[in-house]
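K.L.:
Only the shape, not the letters, is given here:
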C-alpha cells in the first residue's frame, strides 16, 4: 500500500492491478482485496475512501445514467459487461462488485435496484419518496440512511 520509510514504497496491490490490466500477469487476484484489508489493519494507516480499486468508493456509482447502464447489464446476468460499462478496472477480477448508491444524482433505477437488493417491496409511492429524499442530499446516502428513510415512509 505504499507504506514505508520517508517517501514510501511502490504499492504492491496497485502494481499487481496494473500488471494484470496490462496482461503481463494472469494470476488470480480475487483475494487481493482481503490482503489489502488485513495489511491496512496491521499498518494502521487509514485507507482513503477514494483509494484506487480497494477504496470504499472504487466501484460505487450514484449517478443515474451510469447506474442504469450497470443495472441493465446485471439484470441480464452479464457481470463482465457490468464491470466494464463505466469502469476501466473490472471489479470482479479483484473479487469485488459494482455497488449502486442512492444520492442527489440518482435516478429511479438506482432506487428500484437498491430496494430489490435489500428485500423491500417496490411501490411507486416508496420510490417517489426516496427519490425526493435523495434529491435533497449532498452526497450518496449510506445504506443505513436509506433504510431509515424507507422505515419512516412505511411507518407514517
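P.N.:
Noted; the coordinates are in hand. Everything numeric here is computed off the predicted structure, so don't read it as measured data.
K.L.:
in the helix or strand containing residue 132, what counts as buried?
P.N.:
Per DSSP states H and E, residue 132 falls inside helix 124-135. Buried residues in helix 124-135, counted by 16 or more other Cβ atoms under 10 Å: 126-127, 129-130, 133-134. C-beta: built from backbone N, CA, C; applies to glycine.
K.L.:
gap between it and the chain center?
P.N.:
21 Å (Cα atoms, centre = their mean, to the nearest Å).
K.L.:
Tell me which residues of the helix or strand following it come out buried.
P.N.:
For helix 124-135, the following helix or strand on the C-terminal side (DSSP H and E) is helix 143-154. For helix 143-154, burial by neighbour count (16+ other Cβ under 10 Å) applies to 145-146, 149-150.
K.L.:
what about residue 13, which helix or strand?
P.N.:
helix 12-21.
K.L.:
and stretch 109-116, how far out from the chain's middle?
P.N.:
Distance, centroid of stretch 109-116 to centroid of chain: 14 Å (Cα atoms, centre = their mean).
K.L.:
now do stretch 28-40
P.N.:
In terms of Cα atoms, centre = their mean, the centre of stretch 28-40 is found 16 Å from the chain centre.
K.L.:
I'd like to know how far the residue nearest in space to the middle of the chain sits from residue 122.
P.N.:
Central residue of the chain (Cα atoms, centre = their mean): residue 60, 2.7 Å from the mean position. Residue 60 sits 21 Å away from residue 122 when distances are taken as Cβ to Cβ, to the nearest Å.
K.L.:
ditto for residue 152
P.N.:
17 Å.
K.L.:
Are there helices or strands packed against the helix or strand of the chain with the lowest mean pLDDT, and which ones?
P.N.:
Each helix and strand of the chain was given a mean pLDDT (mean pLDDT, DSSP states H and E); the minimum falls on strand 60-61 at a mean of 88. Applying 3 or more Cβ pairs under 8 Å, 6 or more residues apart in numbering; DSSP states H and E, we find strand 60-61 packed against strand 99-100.
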